[in-house]
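K.L.:
give me the fold of what follows.
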Amino acid sequence: MAAFLFFFFPMQQVESDESTQRAERARRAELVKGCNTVLAELAGLDFPRAEVQRYVSRAVKPPVKYQGFPVERAAAALQALLAPASEDGSERTQDTEALVVLNAMLSDVWRWRRRGGFGSSDEDSLPHVQALQALQGLDRTGDWVQKSQQDGERVTSSLLDNLPISDAEKSEMSGAVQQ
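P.N.:
Next comes the predicted model:
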């Protein structure tokens, strides 16, 4: 009986590991499917895969939910995703975390594009450049764009102008609105 128990428990461990691996493969497959769906949607919104590659390769920060995640891993996952499928049928990428962040980045670009991003302000600018400016806060050279005091004042003015309060009260409130 002891020999039976000895052999039974290791088999359970192997089965558990296999089911965990299957679940992880299924999760990666779903993430790949989701990324491919968003890529197709972006292509339909005049944001082709080449522009997506440029955006992800030049991005410097991940979506807010994934702060601290190295964006280079998401870029590598995109490269693997866009590479031709291997003949042996193996998965293109094993990095599940990178696929999660890549999916979030692609979704951010998709939402930005659906809200009317690209083409409104600078017609000669490429889509990935405008997405980097809007979503990453970068200028054409890849440097951070500093929000000017004038931009904040303009927003504050437009918010406070419609309130039925005196000018003195508006000036008192402007500091709180800018923060």
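
K.L.:
pull the helix or strand with minimum mean pLDDT from this protein.
P.N.:
The weakest-scoring helix or strand in the chain, judged by mean pLDDT, DSSP states H and E, is helix 149-161 (a mean of 52).

K.L.:
domain boundaries for this structure, per the record?
P.N.:
10-145, 147-179 (automatic domain parsing).

K.L.:
ok, residue 136 touching residue 64?
P.N.:
No: in this structure residue 136 lies outside contact range of residue 64 using C-beta atoms under 8 Å: 11.7 Å. For glycine as for every other residue, the C-beta is placed from the backbone atoms N, C-alpha and C.

K.L.:
show me which of the two is the more surrounded one.
P.N.:
Shown here are residue 136 and residue 64; by other C-beta atoms under 10 Å, residue 136 has more neighbours (20 against 8).

K.L.:
by mean pLDDT, show me the worst of the domains of the chain.
P.N.:
In terms of mean pLDDT, the lowest-scoring of the domains of the chain is domain 147-179 (a mean of 58).

K.L.:
OK, contacts around residue 92?
P.N.:
Counting by C-beta atoms under 8 Å, 6 or more residues apart in numbering, residue 92 touches 32, 80, 81, 83, 85, 86.

K.L.:
from residue 28, how far out is it?
P.N.:
9 Å (C-beta to C-beta, to the nearest Å).

K.L.:
please apply the same query to residue 166.
P.N.:
Distance of residue 166 to residue 28, given as C-beta to C-beta: 60 Å.

K.L.:
neighbour-wise, which of these two wins?
P.N.:
Between residue 166 and residue 28, counted using other C-beta under 10 Å, the more crowded position is residue 28 (19 against 9).

K.L.:
tell me which element that one falls in.
P.N.:
In the assignment (DSSP states H and E), residue 28 maps to helix 2-44.

K.L.:
got the buried residues for the next helix or strand after that helix?
P.N.:
Downstream of helix 2-44, the first helix or strand assigned by DSSP H and E is helix 49-58. By neighbour count on 16 or more other C-beta atoms under 10 Å, the buried set for helix 49-58 is 51, 52, 54, 55, 56, 58.
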